[in-house]
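Colleague: Got a predicted model here, sequence first, then my questions.
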Amino acid sequence: MKADEKLLIKEIKTLQKAAQLHAKYSVSQYKKVLNTLDELQKEKELLEEKVKERTKHLEEEYNEKISYARRLDKIAKFDQLTGLANRYLFFNELKLIKKEFDLMGNSFALLFIDLDGFKFINDTYGHKIGDKVLQTVADKLKSIVRKEDLVSRIGGDEFTIILKNIDNKEIIAQIAKKIINAFKRPLKIEDLNLYIGTSIGIYIPQKHDYFQDIITKADIAMYEAKKAGKGTYLFFDESMKSELIKITKLRNYIKNALKNNAFINCFQPIVLSTNYQIIGAETLLRLIQNNKLISPAVFIPIIEEDIHLIKEVTFWQISEIVKLTKKLDIFFTINISAKLLSDYDLIDYLTNLKQKINFNTSQIHFEVTETALSSNLNTASNILLRLKKMGFILSLDDFGTGYSSLAYLRELPFDIIKIDKKFIDNLPFSEKDQKLLKSIINMAEILDMKIILEGIETQEQLKKLPENKNIKYQGYLFHKPYKLNKLFNCITH
Ligand code: C2E
Ligand code: CA
Ligand code: CA
């Protein structure tokens, strides 16, 4: 072999080795790359999984938030019991529709509907049946009007309908008749046949009416329809205007009464049943107009239209009574409207007052009626508990006029029940009423509650009344509501 050949073979071998080595290296590199790719793939899948999970979670969270917001929105705008628009939505819609009418002339009609006989059903058969009646009424009203019309429940048994794009009196009257006829047959609720009537007031707004006047006019027409006989509808007409002027004047007068010192508190003494000594007094609000005292039956409902006003008035009464507790050694009762038991402003006010002034909370009784409780039992019962903790005395007013007194007595922290005048009225002639009164008093004793008997007017009634240290009397036979100076005279002489 030539030296060249040998060299060539050696070179070839070296090259072969190098090639082998290279191949080996490449395979391992290749494997490494594959492994990395594999890992990357796995990582990618893992990441994708995580992203999917997070997206799902976010989606769930979003949906939950949306449905919560929708629920809140619904609660804010719709009546929970009937599903109809509530007072808030009604006012907003009316404002919008009125604006549209003023700008573009799309006329509309407003119907105010009041149920005749609802209170009787509620008192006789209880809230559950009462609630079903309201639901049935709501369904009936909705089925009579068109989809675009707005049916609302704006209060206990008060409904409104806004009929849109309509100004023909005939057609509106036909709709009102249809509603009245729909309630001529009894409502079938559970096993009961219940009769409910409707009184309808109608107003067809004119351009640039005041917003509040539209509502008041439909309301006045409804009030007149009720007076005209149940099951009637009436359009507002100018002859009703004097009523409108009267109400509007009174409303304005009342709004400014507090700052004009037109409210005064009168006090009706409450006496011990054993010796007729005055030990307390009920605070009764009066409005002075043209030197005359106006009855609370007239102005309390107007004050109650405005939650701020009823709060202002009651807080003013409390501040006056607190001063009196320092001068007279008797207790004072203050009537609390239902509206004051729907939020904690009363508690805040009293807590604040207590920090500023030292007074004996047990010298103040708060009187609450059953109707005040039925609207929002949970909040109301919390507020009552807080009042009790602060040392105030709680009294269930007008006991026996509502329906579920017994349930309230068991669940709520009342110290006193005030038995309504209607149990006293016929006492001398009705053995049944005598027995009824006796059993209420027995029950109160079992529950460890004190009693105030209200509305005693005659000696004959008095003769039939029990007397002991836990029973107190209040009525014209002993004392009428007095102005403050007379109360002082009665106590100090
Ligand atoms: P109420 O809380 O049941 O008050 C008792 C009412 O019965 C008072 O009428 C009182 O004058 C009257 N009365 C007491 N004894 C007799 C009697 O022997 N015979 C007769 N016929 N009546 C008697 P008033 O002052 O006209 O009050 C009527 C209602 O107005 C009260 O009923 C209460 O619901 C409301 N009210 C009165 N003052 C206030 C107040 O300051 N705040 C609130 N929220 N409501 C008040
Ligand atoms: Ca009272
Ligand atoms: Ca009462």
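Modeller: That came in fine, so what should we check first? Residues are numbered from 1 along each chain as shown. Ligands and ions are numbered 1, 2, ... in the order given.
Colleague: contacts, neighbours, all on C-alpha from now
Modeller: Noted.
Colleague: Near ligand 3, which residues of this protein? Just list them.
Modeller: 397, 398 (Cα under 5 Å from the ion).
Colleague: Where is the longest strand in the chain?
Modeller: Using DSSP state E to define each element, the chain has its longest strand at strand 278-289.
Colleague: And the average pLDDT for it is what?
Modeller: Taken as a whole, strand 278-289 has a mean pLDDT of 97.
Colleague: any idea which helix or strand comes after it?
Modeller: Using DSSP states H and E, the next helix or strand after strand 278-289 towards the C-terminus is strand 292-294.
Colleague: so what secondary structure elements neighbour that next one?
Modeller: Helices and strands touching strand 292-294, by 3 or more Cα pairs under 8 Å, 6 or more residues apart in numbering; DSSP states H and E, are strand 278-289.
Colleague: Contacts for the strand it packs on next, please.
Modeller: By Cα atoms under 8 Å, 6 or more residues apart in numbering, the surrounding residues in contact with strand 278-289 are 257, 262-272, 293-296, 299, 329-335, 481, 491.
Colleague: now that strand, how far from the chain's geometric center?
Modeller: Distance of strand 278-289 from the chain centroid (Cα atoms, centre = their mean, to the nearest Å) equals 27 Å.
Colleague: Run a quick neighbour tally on the closest residue to ligand 3 within the chain.
Modeller: Among the residues of the chain, residue 398 lies closest to ligand 3, at 4.2 Å counting by Cα to the ion. Burial of residue 398 is recorded as 21 neighbouring residues (other Cα atoms under 10 Å).
Colleague: how much space is there between it and ligand 1?
Modeller: Residue 398 sits at a distance of 6 Å from ligand 1 (criterion: Cα to the nearest ligand atom, to the nearest Å).
Colleague: so that residue sits in a helix?
Modeller: No - if the criterion is DSSP: H, G, I helix; E, B strand; the rest coil, then residue 398 is strand and not within a helix.
Colleague: what's the helix or strand for the residue nearest to residue 359 when sequence neighbours are not counted?
Modeller: For residue 359, ignoring the flanking residues on the chain, the nearest one in space by Cα to Cα, 6 or more residues apart in numbering is residue 322 at 6.8 Å. Per DSSP H and E, residue 322 falls inside helix 307-327.
Colleague: That helix vs strand 278-289, what angle?
Modeller: In terms of direction (axes from the mean of the first three to the mean of the last three Cα atoms, to 10 degrees), helix 307-327 departs from strand 278-289 by 140 degrees.
Colleague: can you pull the contacts of the residue lying closest to residue 268 once chain neighbours are set aside?
Modeller: Leaving aside its sequence neighbours, residue 268 sits nearest to residue 481 (Cα to Cα, 6+ apart; 3.9 Å). Counting by Cα under 8 Å, 6+ apart, residue 481 touches 266, 267, 268, 269, 284.
Colleague: Kindly provide the distance from residue 288 to residue 372.
Modeller: Residue 288 sits 26 Å away from residue 372, going by Cα to Cα, to the nearest Å.
Colleague: Next, the residue lying closest to residue 413 once chain neighbours are set aside: secondary structure please.
Modeller: Closest residue in space to residue 413, ignoring its immediate chain neighbours: residue 385 at 6.6 Å, by Cα to Cα, 6+ apart. Put simply, residue 385 is helix when judged by three-state DSSP.
Colleague: Next: residue 161.
Modeller: Look at residue 161: counting by three-state DSSP, its state is strand.
Colleague: and the nearest residue to it once chain neighbours are set aside, how many neighbours?
Modeller: Leaving aside its chain neighbours, residue 161 sits nearest to residue 151 (4.5 Å; criterion: Cα to Cα, 6+ apart). By other Cα under 10 Å, 24 other residues sit near residue 151.
Colleague: repeat for residue 185
Modeller: When neighbours are counted by other Cα under 10 Å, residue 185 registers 12.
Colleague: Could you shift the numbering so residue one becomes 22, and keep it that way?
Modeller: Renumbered: residue one is now 22, and that last one reads residue 206.
Colleague: tell me the contacts of it?
Modeller: Per Cα under 8 Å, 6+ apart, neighbours of residue 206: residue 216.
Colleague: same deal with residue 292?
Modeller: Going by Cα under 8 Å, 6+ apart, residue 292 touches 298, 299, 300, 301, 493, 494, 495, 499.
Colleague: again with residue 510
Modeller: Per Cα under 8 Å, 6+ apart, neighbours of residue 510: none.
Colleague: Name the SS class of residue 141, please.
Modeller: Here residue 141 is recorded as helix under three-state DSSP.
Colleague: Tell me how far it lies from residue 151.
Modeller: Using Cα to Cα, we find residue 141 at a distance of 9 Å from residue 151.
Colleague: what helices or strands is the helix holding residue 343 leaning on?
Modeller: Helix 328-348 packs on helix 317-325, strand 352-357, helix 366-377, going by 3+ Cα pairs under 8 Å, 6+ apart.
Colleague: To residue 450, which of these lies closest?
Modeller: Of all those, helix 317-325 sits nearest to residue 450, with 28.8 Å by Cα to Cα.
Colleague: Show me which positions of that closest one end up buried.
Modeller: Buried residues in helix 317-325, defined by neighbour count with 16 or more other Cα atoms under 10 Å: 320, 321, 323, 324, 325.
Colleague: Double-check the third one against residue 272; I have them as touching.
Modeller: It refers to residue 323. Yes - counting by Cα atoms under 8 Å, residue 272 is a contact partner of residue 323 at 6.7 Å.
Colleague: about what we covered before: closest to residue 56 out of the buried residues of helix 317-325?
Modeller: Nearest to residue 56 among the buried residues of helix 317-325: residue 325, at 80.0 Å, using Cα to Cα.
Colleague: ok, and the closest non-adjacent residue to the closest one?
Modeller: Leaving aside its sequence neighbours, residue 325 sits nearest to residue 331 (Cα to Cα, 6+ apart; 5.6 Å).
Colleague: could you measure the one you found against residue 477, distance?
Modeller: Distance of residue 331 to residue 477, given as Cα to Cα: 29 Å.
Colleague: Repeat that for residue 452.
Modeller: As judged by Cα to Cα, residue 452 and residue 477 stand 17 Å apart.
Colleague: Residue 149 now?
Modeller: For residue 149 relative to residue 477 (Cα to Cα), the value is 34 Å.
Colleague: Comparing the two, which shows the higher neighbour count?
Modeller: The residue with more neighbours, out of residue 149 and residue 477, is residue 477; 23 against 9, by other Cα under 10 Å.
Colleague: Report the closest residue of the stretch 22-171 of the chain relative to ligand 1.
Modeller: residue 140 (16.5 Å; Cα to the nearest ligand atom).
Colleague: burial of that residue, as a residue count?
Modeller: 16.
Colleague: next one: residue 378
Modeller: 11.
Colleague: swap in the one 5 residues further on?
Modeller: Here the count is done by other Cα under 10 Å, and residue 383 has 15 residues near it.
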